[in-house]
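Participant: Task: produce atomic coordinates for the following.
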Amino acid sequence: MKSNNYMEVKFKAESVNESFARVCVASFCLPLNPTIDEINDIKTAVSEAVTNCVVHAYPKSVGDVVVRVEFDNNDVVISVSDEGVGIKDFQRAREPFYTTKPEEERSGMGFAVMESFMDDVQLQKNGEKGLKVVLRKTLRRGALSKQLC
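Facilitator: Here you go, the predicted model:
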């Protein structure tokens with residue numbers, strides 16, 4: 001995909017970094033002039049994707065999470081990736097209420113939440129190990145500033 005502008009951040013898969021990721025992505029999207037609802041949708045989906053990395057990707061260690069945001073005209077494309085244990089069954093993982101950690105009282109709604117707030121959600125293997133979640137949202141009233149093109 002050819003994009004107009006992008007940014008990428010890498011941080012440790014620790015719960016304290018979830019809010020950083022959410023605010024970082026939201027701030028980067030502001031030149032597209034999103035509505036408050038659109039920016040809240042993006043923040044919620046990013047929170048879910050990063051939280052999945054923190055909770056599931058590295059069960060016995062703390063690895064890295066990479067968040068990349070690209071602009072493609074009025075689309076915001078966000079990828080959240082890790083190099084953790086991955087997901088064996090993408091279809092099952094997308095089922096509402098399915099969780100691999102019921103003992104931790106997880107709701108199993110992460111992907112359902114992402115799908116409800118974004119226009120498209122894709123799960124991809126991240127090389128040999130890990131997972132990449134690609135979130136896409138078309139901003140209805142946004143228009144990229146000519147300074148950024």
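
Participant: From the contact counts, what lies against the top helix by length along the chain?
Facilitator: Counting by DSSP state H, the longest helix found in the chain is helix 36-52. Judged by 3 or more Cβ pairs under 8 Å, 6 or more residues apart in numbering; DSSP states H and E, helix 36-52 is in contact with helix 18-29, strand 64-72, strand 75-82, helix 110-117, strand 131-138. All C-beta atoms are positioned from the backbone trio N, CA, C, and that covers glycine.

Participant: what bits of this structure have low per-residue confidence?
Facilitator: 1-3, 89-110, 141-149 (pLDDT under 70).

Participant: in the sheet, who's paired with residue 70?
Facilitator: Beta-bridge partners recorded for residue 70 (DSSP bridges): residue 6, residue 77.

Participant: repeat for residue 120
Facilitator: Assessed by DSSP bridges, residue 120 has beta-bridge partners residue 136.

Participant: rewinding a little: out of the helices and strands packed on helix 36-52, flag the one nearest residue 124.
Facilitator: Comparing the helices and strands packed on helix 36-52 against residue 124 with Cβ to Cβ, the closest turns out to be strand 131-138 (4.5 Å).

Participant: Can you list the neighbours in contact with that closest one?
Facilitator: Under the criterion Cβ atoms under 8 Å, 6 or more residues apart in numbering, residues 38, 41-42, 45-46, 49, 52-53, 57, 74-82, 84, 86-87, 114, 117-126 lie in contact with strand 131-138.
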